[in-house]
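*Asks:* give me the fold of what follows.
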Amino acid sequence: MSRKYDDIIALPHHQSPTRKRMTMTERAAQFSPFAALTGYGDEIKEARRATDERPILDRDARERLDRRLIRLLGAINDRPTVAVSWFVPDKKKSGGAVRRCESKAVKLDGKKDRLLLENGEWVPLADVLSVDGSLFDEREE
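*Replies:* Numbers count the residues shown, from 1 in each chain. Sure thing, here's the model as predicted:
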């Protein structure tokens with residue numbers, strides 16, 4: 001009874017005359033799995049990352065904020081220390097986060113509608129939610 005490969009089973013293994021023989025590690029690397037979905041895990045994490053909706057100030061809060069910004073503008077040369085809260089839109093998805101920083105106010109740029117803090121951060125006035133500090137008398141408002 002003849003088997004299918006009896007005529008070649010005893011032949012020596014072919015060796016390339018121009019290439020060196022691979023090590024077992026190099027040979028195994030050819031068959032190792034690859035990441036077909038590169039970046040998919042990052043996309044899942046990004047989709048799960050929570051953002052907050054932009055807070056909407058009511059009319060009274062907006063008027064109070066406007067009065068405080070006008071007061072801040074008048075005192076900006078004194079570099080008063082203020083605590084500013086503002087909304088920072090997320091760069092990748094809808095929503096964002098509210099940031100709060102206590103620093104000296106250095107400049108109000110009327111052309112670009114933004115506030116410069118001593119720490120070098122520019123805060124867009126359209127995103128400001130509140131301004132607090134010793135400059136503002138709570139009884140006046």
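*Asks:* buried stuff in the longest helix seen in the chain?
*Replies:* In the chain, taking DSSP state H as the definition, the longest helix is helix 59-75. Neighbour counts over helix 59-75 (16 or more other Cβ atoms under 10 Å) mark 64-65, 68, 71-72 as buried. Heads up, the C-betas are built off the backbone N, CA and C, glycines and all.
*Asks:* what's next to the longest strand anywhere in the chain, contact-wise?
*Replies:* Determined from DSSP state E, the single longest strand within the chain is strand 96-109. For strand 96-109, contacts defined as Cβ atoms under 8 Å, 6 or more residues apart in numbering pick out 51-52, 54-55, 69, 72-73, 76, 79-90, 114-119, 121-123, 125, 129.
*Asks:* now it: buried residues?
*Replies:* 96, 103, 105, 108.
*Asks:* of all those, which comes closest to Pro17?
*Replies:* Gly96 (65.3 Å; Cβ to Cβ).
*Asks:* still on that earlier bit, out of the contacts of strand 96-109, which end up buried?
*Replies:* Of these, these count as buried by 16+ other Cβ under 10 Å: 72, 76, 80, 82, 84-87, 114-117, 123, 125, 129.
*Asks:* so which of the residues you listed are in helices?
*Replies:* Those of the buried ones among the contacts of strand 96-109 lying in helices (DSSP H): Leu72.
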